[in-house]
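Enquirer: next come a sequence and a model predicted from it.
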Amino acid sequence: MSQNETTSNGWDLIAAASQNALNTQLAKIPPVCVQADVPFKLLGNTNVAHVDITIHQPELRVKDGSGRQVDVLLPMHGVQRYPEHHESDHPQRRKAHCDDTAHSDREHIGTTQGPKANQL
């Protein structure tokens, strides 16, 4: 057998069964909503981005052919709003709900999974 060949010897079946059982339990975890005002400086101006993100339960996926390597996905979606007016003097935490659907003219809506999950 060459060094590059992989054999799972049934471990892929065990891992798949474990993956399904764990994902069933993980699906019971409620999503986490994060709403925050994030101040940032751009070209000498202080601005505030309103961030509204929902993070869902992790999902496990066994890599094909490995039987032992598992990817953990953290699905999330959200909105970043950039106000039109200057709010650097009194940034306040926005009270919102997970199902808040009001969007401004300038926003970024994204959904992502996997290694780039933190890049909305």
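Expert: Arrived safely.
Enquirer: hey, let's count contacts and neighbours off CA atoms from now on
Expert: OK.
Enquirer: apart from its chain neighbours, what residue comes closest to residue 82?
Expert: residue 49 (4.9 Å; Cα to Cα, 6 or more residues apart in numbering).
Enquirer: would you confirm that the one you found contacts residue 81?
Expert: Yes - contact between residue 49 and residue 81 holds when scored by Cα atoms under 8 Å: they sit 5.5 Å apart.
Enquirer: ok, back up a step: list the contacts for the residue nearest to residue 82?
Expert: Residues near residue 49 by Cα atoms under 8 Å, 6 or more residues apart in numbering: 37, 38, 39, 40, 80, 81, 82, 83.
Enquirer: mind checking which helix or strand it is in?
Expert: Following DSSP states H and E, one finds residue 49 within strand 45-55.
Enquirer: can you give me the buried ones in that strand?
Expert: Using 16 or more other Cα atoms under 10 Å as the test for burial, strand 45-55 gives 47, 48, 49, 50, 51, 52, 53, 54, 55.
Enquirer: between those residues, which sits nearest residue 26?
Expert: residue 55 (12.9 Å; Cα to Cα).
Enquirer: what's opposite that closest one in the beta bridge?
Expert: residue 32, residue 76 (DSSP bridges).
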